[in-house]
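A.B. asks: could you look at this predicted model? Sequence included:
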Amino acid sequence: MENSNEKLANNEISSIKIADDVVARIAALAALEIEGVSSLAGNYTTEKVEKVSRKNITKGSKVQVADGKVKVDLALLMDYGYNIPATCKKAQNKVKDSVENMTGLSVVDVNIRVAGIKAQ
């Protein structure tokens, strides 16, 4: 008779599904970590994220997950004075790395739309 540890070792683990909303939150929070990114187009800044419910953090981000591949679309507000292409590239790389590291999914696209500039 097998003991329970042997049964676990011999059987495959069931599938893991990550909700699109979870991936969108990871992407949004990763983008907000980049210096020069003021907020998502939904007006959630890093300071507000700490104070309010994280329920609406995905406003300004959209993800599509299919067959283990992720496409991310983000609408960002940038701080005035930062190089937009360089800052967006940093945000794209951070989002890609964060989503892949935390979910194991493959990120194939990170599209950023600069929705506005925030004067300081």
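C.D. replies: That came through fine.

A.B. asks: how many neighbours does residue 106 have?
C.D. replies: Using other Cβ atoms under 10 Å, residue 106 is surrounded by 12 other residues. C-beta: built from backbone N, CA, C; applies to glycine.

A.B. asks: I figured it was touching residue 99, is that so?
C.D. replies: No. Contact between residue 106 and residue 99 fails when scored by Cβ atoms under 8 Å: they sit 9.1 Å apart.

A.B. asks: give me the common contacts of these two.
C.D. replies: Shared contacts of residue 106 and residue 99 (Cβ atoms under 8 Å, 6 or more residues apart in numbering): residue 70.

A.B. asks: tell me the first helix or strand C-terminal of the longest helix along the chain.
C.D. replies: As assigned by DSSP state H, the longest helix anywhere in the chain is helix 84-103. Scanning forward in sequence from helix 84-103 by DSSP states H and E, the next helix or strand is strand 106-118.

A.B. asks: got the buried residues for that next one?
C.D. replies: 107, 110, 112, 114 (16 or more other Cβ atoms under 10 Å).

A.B. asks: widest-spaced pair of those residues?
C.D. replies: Greatest spacing in the buried residues of strand 106-118, by Cβ to Cβ: 107 and 114 (19.8 Å).

A.B. asks: can you pull the contacts of residue 35?
C.D. replies: Contacts of residue 35 by Cβ under 8 Å, 6+ apart are 82, 87.
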